[in-house]
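**Student:** Next input, structure requested:
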Amino acid sequence: MNDNQFKFSTSVVGLPVLFVLLLWIVYWIQIRFDFDFYKNGIYPRDFSGLQGVIFSPFIHENLDHLYNNSIPLLILLAAMPFFYPKQTFGVIVYGILLSGFITWLIGRNNFHIGASGLIYVLVSFIFFKGIQTKYYRLVALSLTVILVYGGMIWYVFPDVDQSISWEGHLGGLIGGFLLTLYYKTPEYSKPIVYDWQKPDFDPQNDPFMKHFDENGNFVNTVHEEELIPEDGYFISSYPVNYVITKTESEDKENME
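**Tutor:** Numbering: from 1, shown residues only. As a prediction, the model looks like this:
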């Protein structure tokens with residue numbers, strides 16, 4: 001594993017901008033032509049209410065609702081293609097479906113709208129997947145997300161604010177976690193393999209290993225053309241540290 005997995009692409013900017021722009025266009029159409037899109041939201045345990053599983057993330061009640069969802073979407077949808085490019089599309093699509101279906105199952109008898117369910121999917125996925133990979137950069141990302149958006153956890157409980165769809169938030173949290181179990185990230189779990197661990201490694205042709213003999217002792221590998229004669233001695237044009245090694249028999253002779 002190396003940090004080359006993290007690559008900047010046009011999707012890092014294009015995806016969040018286009019997605020949020022679509023939300024604002026839908027809202028503009030709603031107020032400009034006085035369309036009642038609320039009925040296209042999720043209505044729990046009603047067959048016609050299933051359409052909201054797909055449409056509800058694009059419908060918002062007012063500007064405050066839309067604005068409060070736009071900012072985290074811009075950040076989280078930029079982080080996904082940068083850190084998890086292979087999983088981004090699936091997490092968004094299946095995240096919308098999972099969170100919406102869970103909301104349809106457990107929600108109150110009311111229309112549930114807004115992209116907050118997707119936001120909870122993204123926060124949940126980034127946090128839990130980073131912990132699961134144990135890769136230090138992704139763990140740091142997980143801690144950053146929980147530091148910035150950790151307060152969102154309170155809005156998955158029903159008694160905090162009855163005016164919000166806590167069911168959608170809970171559905172997103174559960175959906176994001178389930179997607180971390182479904183999507184594997186082998187690119188972040190590969191062990192580091194050094195050259196000397198590879199089966200085709202040849203120590204005789206390795207520049208570093210040439211400085212050691214078969215016993216592991218450092219040897220002078222300065223070539224003749226690299227030496228400068230001076231007063232009967234050859235002085236290397238390169239800085240070399242010389243290490244004198246003694247065999248066990250030499251040590252005994254010195255002791256005697």
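
**Student:** Look through the chain and tell me its longest helix.
**Tutor:** helix 10-32 (DSSP state H).

**Student:** and the helix or strand following it, what's its mean pLDDT?
**Tutor:** Next helix or strand after helix 10-32 toward the C-terminus (DSSP states H and E): helix 52-55. Helix 52-55 carries an average pLDDT of 96.

**Student:** got it, and stretch 129-148?
**Tutor:** 92.

**Student:** Show me what counts as buried in it.
**Tutor:** Lys129, Gly130, Gln132, Thr133, Tyr135, Leu138, Leu141, Ser142, Val145, Ile146 (16 or more other C-beta atoms under 10 Å). For every residue, glycine as well, the C-beta is placed using N, CA and C.

**Student:** swap in stretch 81-99?
**Tutor:** For stretch 81-99, by 16+ other C-beta under 10 Å, it's 81-85, 87-88, 91-92, 94-96, 98-99.

**Student:** Just name the closest of those residues to Lys198, please.
**Tutor:** Within the buried residues of stretch 81-99, the smallest distance to Lys198 is 27.2 Å, found for Pro85 (C-beta to C-beta).

**Student:** pLDDT value on the spatially most central residue of the chain, please?
**Tutor:** In the chain, the centroid-proximal residue (C-alpha atoms, centre = their mean) is Phe83; its distance is 3.5 Å. Looking at Phe83, its pLDDT stands at 94.

**Student:** Now for it: which residues touch it?
**Tutor:** Shown in contact with Phe83 (C-beta atoms under 8 Å, 6 or more residues apart in numbering): Phe6, Ile126, Arg137, Leu138, Leu141.

**Student:** on that earlier part again, want to throw the buried residues of stretch 129-148 into a markdown table with distance to Pro72?
**Tutor:** Putting these into a markdown table (distance: C-beta to C-beta, whole Å) gives the following:
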| residue | distance to Pro72 |
| --- | --- |
| Lys129 | 17 |
| Gly130 | 17 |
| Gln132 | 22 |
| Thr133 | 22 |
| Tyr135 | 23 |
| Leu138 | 19 |
| Leu141 | 15 |
| Ser142 | 16 |
| Val145 | 10 |
| Ile146 | 13 |
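
**Student:** can you map out the strands along the stretch 101-250 of the chain?
**Tutor:** Assigned by DSSP state E, counting those that start in this stretch, the strands in the stretch 101-250 of the chain fall at 227-230, 233-236.

**Student:** Tell me which two of the contacts of Phe83 sit farthest apart.
**Tutor:** Phe6 and Ile126 (13.7 Å).

**Student:** More neighbours: these two, which one.
**Tutor:** Neighbour count, other C-beta atoms under 10 Å: between Phe6 and Ile126, Ile126 has more, with 25 against 12.

**Student:** The more buried one contacts Val145, doesn't it?
**Tutor:** Yes. Judged on C-beta atoms under 8 Å, Ile126 makes contact with Val145 at a distance of 5.1 Å.

**Student:** Pull up the overlap in contacts between these two.
**Tutor:** Jointly contacting Ile126 and Val145 under the rule C-beta under 8 Å, 6+ apart are Ala79.

**Student:** and stretch 81-91, how far apart are its ends?
**Tutor:** Start to finish, the residues bounding stretch 81-91 are 11 Å apart (C-alpha to C-alpha, to the nearest Å).
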